[in-house]
Structure formats: C-alpha cells, structure tokens
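Undergrad: One predicted model, sequence on top.
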Amino acid sequence: MMTVPDLQRYKRDKKKVIVVTAYDALFTRLLEQAGIEVILVGDSLGVVVQGKPNTLAVTMEDMLYHTKLVAGTAQKSLVIGDMPFMSYQASKEDALRNAGRFLQAGAHAIKLEGGAAMVDRVAAMTEVGIPVIGHLGMTPQSVNQYGGYKVQGKGKDQAQMLLSDAKALEAAGAVAVVLEAMPASLAQNITEEVAIPTIGIGAGPHCDGQVLVLYDLLGMFDEFIPKFVKPYAHLKADALQALRRYKEEVEEGKFPSDAESYQ
Ligand code: KIV
C-alpha cells in the first residue's frame, strides 16, 4: 500500500514517483496490475471523459463520483483527488470543506492549483490531516489568463516566482508538487531546492516523478496532443479497427458464427 510518507521516502531514495490518471474502476484495476502506485483522479476528466474544451466546467459532484469509482476499486495505490475550479479559490473555508469531501469519498490526498495565493488553504488542510499536493506552472484552471495552454516560467522573473511558489507550498505543508509545462532546467532547479517530491508533466526528466493523463498515454485521445505526451499505445486506432470489423462482419453475416451461438 502506497502512502503519503512513501512520497517523501521515494525522493530521499531517488526512486521515481510514477503517477497516472484514472476515472473509473476498470482502468484503476489495470493501473494497479501494471504496478502504478499513485493514481490521480484528475479534473482532466472534463476534457477526456466529458468532452469539454477545458477543465473549468467540472464540478465537485463530478469529481466525487469519479473519486468514489477509483478509490472504491484501488487496493494498494495512493489515490489523489483533484480539486475542481471554484471548489477552493473563493475562500479557505470552502477549500477545507471540499477537500474533506474528497477524503470522505476515499481519496488519500488532494491536489490544487496555485502557489503563494493558496498557502493559507494548504496550511489549513495540513493542520487537519488532509495531505495536499500543489500544482505549479501551466495550471489548466487558469487557461483563460494564459490565453491558451502555454509553457510557463520561461522568463527569469516568472521562473523566480515559480521557485518561490514551490517553496511557499512546501513551507505550508504540501507533501508534493506537480510541475506542468515549464522548462526542464527550471523544474530541475525547483526539484533541487525543495525537499518534497516534484512530479513533472512537460517539465523534463529531472523531476522526482512523472504524471501523464491515462488516455494520452494510451493513445486514445488525439484532439489535442501536447509536445510532452508520449503515446505508449495506439488504442484509438485499435478501437476504430475493431469497431469497423464488427460492423462489417454483422453486415456480411459473419458474426455471430456458430462459435458465438447457442445450439
Ligand atoms: O487533471 C489532471 O489530470 C492533472 C494532471 C495532468 C497533472 O492535473
């Protein structure tokens, strides 16, 4: 069973923290069979499951539903619930209550986006025993502010700000931090400067761990493929081929054959 303290131990032992997203029971079982130890129920489900252009419309109810599916199935992985847009931004009290709902749904930790502006939330959650994972760099809930999904931290001032955000999150009690879409050198610097593990996505090879969205990793989602995605399979192509063959065989009277029929 992977636990929050194991995240720190992995960093100390220079063992990579491998994270993949999941949103349902079937893939949770697959991830565990593959030895993936940390599962993020990401609000990326807004895009890959719900078909929205971004994550902003995802609600607490959506997230709790999927968190229950994953946490109810996971036997040994650490399950992280991703706090959706406006479930923690408006007030510390909202943030604390909503974070608690994730743990009640079975998550072991929560993730939220933002740096210095979020430290009071992180501290309040930490104080009551809710482990928090930060998320810095290209934080998708701020897509409108960035004017699109753009690499962050390229300039010196921005890089300095992201480093100080990471330190602020650590000081407030965050147990790890996701670094998304930033120069590899900056992610390396942050990784060296904080004692908590950094989990990269589009942040180069020097982070303490990596995370990918499941459907990107499996080659199932191809509407928008960021540079940092490596498809390790091509399941969309396989699925299309299977569906077309099924259609053809029914049309041609080849399916069902005797093998699939009761005599
Ligand atoms: O929502 C998500 O899946 C994420 C990861 C991409 C880090 O936040």
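TA: Perfect, thanks for sending it. Numbers count the residues shown, from 1 in each chain.

Undergrad: how much space between Gly155 and Leu162?
TA: Here Gly155 is placed at a distance of 10 Å from Leu162 (C-beta to C-beta, to the nearest Å). All C-beta atoms are positioned from the backbone trio N, CA, C, and that covers glycine.

Undergrad: between these two, which one's more packed in?
TA: Taking other C-beta atoms under 10 Å, Gly155 and Leu162 do not tie; Leu162 has more neighbours (22 against 9).

Undergrad: Excluding chain neighbours, give the residue nearest to Leu64 in space.
TA: Taking C-beta to C-beta, 6 or more residues apart in numbering as the measure, Leu64 lies nearest to Ala105, with 4.7 Å between them; neighbours along the chain are not counted.

Undergrad: ok, the residue lying closest to Met1 once chain neighbours are set aside - contacts?
TA: The shortest distance from Met1 to any non-neighbouring residue, by C-beta to C-beta, 6+ apart, is to Lys76 (4.9 Å). Lys76 is in contact with Met1, Met2, Glu32, Glu37, counting by C-beta atoms under 8 Å, 6 or more residues apart in numbering.

Undergrad: Any idea how many residues pack against the closest residue to the ligand within the stretch 1-150 of the chain?
TA: Taking C-beta to the nearest ligand atom as the measure, the stretch 1-150 of the chain has Gly42 as its residue closest to the ligand, at 2.2 Å. Around Gly42 sit 29 other residues, with neighbours defined as other C-beta under 10 Å.

Undergrad: Now do the residue lying closest to it once chain neighbours are set aside, the pLDDT please.
TA: Spatially, and ignoring its direct neighbours in sequence, Gly42 is nearest to Thr21 (4.1 Å; C-beta to C-beta, 6+ apart). At Thr21 the predicted local confidence, pLDDT, stands at 98.

Undergrad: And for Glu251?
TA: 98.

Undergrad: The residue nearest to Gly42 reaches Val38, doesn't it?
TA: No - no contact is recorded between Thr21 and Val38 when judged using C-beta atoms under 8 Å, the distance being 10.2 Å.

Undergrad: Please identify the residues of the stretch 101-250 of the chain in proximity to the ligand?
TA: By the rule C-beta under 6 Å from any ligand atom, the part of the stretch 101-250 of the chain lying against the ligand is Val178, Ile201, Val211, Val213.

Undergrad: Mind doing that once more with 8 Å?
TA: Residues of the stretch 101-250 of the chain lying close to the ligand by C-beta under 8 Å from any ligand atom are Lys111, Glu113, His135, Pro140, Val178, Glu180, Ile199, Ile201, Val211, Leu212, Val213.

Undergrad: So which of these wins on neighbours?
TA: The most neighbours of any of those, using other C-beta under 10 Å, belong to Ile199, which has 29 neighbours.

Undergrad: hmm, back to that, rebuild the residues of the stretch 101-250 of the chain next to the ligand as a markdown table, extending it with secondary structure, distance to Gln50 and pLDDT.
TA: Output for those, formatted as a markdown table (DSSP: H, G, I helix; E, B strand; the rest coil; distance: C-beta to C-beta, whole Å; pLDDT from 0 to 100):
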| residue | secondary structure | distance to Gln50 | pLDDT |
| --- | --- | --- | --- |
| Lys111 | strand | 18 | 99 |
| Glu113 | coil | 18 | 98 |
| His135 | strand | 20 | 98 |
| Pro140 | helix | 14 | 98 |
| Val178 | strand | 21 | 98 |
| Glu180 | strand | 20 | 98 |
| Ile199 | strand | 24 | 98 |
| Ile201 | strand | 20 | 98 |
| Val211 | strand | 20 | 98 |
| Leu212 | strand | 19 | 98 |
| Val213 | coil | 13 | 98 |
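
Undergrad: Which of the three states applies to Val177?
TA: Secondary structure assignment for Val177 (DSSP: H, G, I helix; E, B strand; the rest coil): strand.

Undergrad: ok, now which ones touch the nearest residue to it once chain neighbours are set aside?
TA: Of all residues not flanking Val177 in the chain, Gly134 sits nearest, at 4.0 Å (C-beta to C-beta, 6+ apart). Applying C-beta under 8 Å, 6+ apart to Gly134 gives the contacts 111-115, 118, 122, 165-166, 169, 174, 176-178.
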